[in-house]
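Q: Next input, structure requested:
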Amino acid sequence: MKMLPLIAVAAGLAASAALPAFAQADLAQKKNCMACHAVDKKLVGPAYKDVAAKYAGQADAVDKLAAKVVKGGAGVWGPVPMPANPQVTEAEAKQLVAWVLTQK
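A: The predicted structure follows:
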């Protein structure tokens, strides 16, 4: 009988752990990130899994990439620049980048 509460807690934790990933994908859609990026293939910009691989293990990746999301950038992934995204707050950019860096 003691296992039932543990199973319920574990199921609840698993469900809540999955929510941020869906929430970040929804945020990426809402902020128009998916117009130029996809998780697993290059569109106008690089695939998120490629970004995650390139910046894996870099302690400053979230801050560095969040600044690029908001201000734009060029030259890292080819000749097409990433435009500034003033509709994305710094906090949202950090959430999005943290999610991008988990893609495989």
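Q: Now do the closest residue to Lys42 other than its chain neighbours: how many residues are near it, please.
A: Leaving aside its chain neighbours, Lys42 sits nearest to Asp50 (7.2 Å; criterion: Cβ to Cβ, 6 or more residues apart in numbering). Where C-beta positions appear, they are placed from N, C-alpha and C, glycine not excepted. Residues near Asp50, counting by other Cβ atoms under 10 Å, number 18.
Q: okay but Asp50 is in contact with Lys41, surely?
A: No. If you go by Cβ atoms under 8 Å, Asp50 and Lys41 don't touch, sitting 9.1 Å apart.
Q: could I get stretch 26-40 in PDB with only the CA atoms?
A: C-alpha atoms of stretch 26-40 as PDB (Å, rounded to 0.1, in the frame of the first residue of the first chain):
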ATOM      1  CA  ASP A  26       5.400  26.400 -27.700                       C
ATOM      2  CA  LEU A  27       7.400  29.600 -26.800                       C
ATOM      3  CA  ALA A  28       9.700  29.100 -29.800                       C
ATOM      4  CA  GLN A  29       6.600  28.800 -32.000                       C
ATOM      5  CA  LYS A  30       5.000  31.800 -30.400                       C
ATOM      6  CA  LYS A  31       8.100  34.000 -30.800                       C
ATOM      7  CA  ASN A  32       8.500  32.900 -34.500                       C
ATOM      8  CA  CYS A  33      11.800  31.000 -33.900                       C
ATOM      9  CA  MET A  34      10.400  28.100 -35.900                       C
ATOM     10  CA  ALA A  35      10.000  30.200 -39.000                       C
ATOM     11  CA  CYS A  36      13.800  29.900 -39.500                       C
ATOM     12  CA  HIS A  37      14.800  27.000 -37.200                       C
ATOM     13  CA  ALA A  38      13.700  23.300 -36.700                       C
ATOM     14  CA  VAL A  39      14.800  20.900 -34.100                       C
ATOM     15  CA  ASP A  40      16.400  18.300 -36.400                       C
END
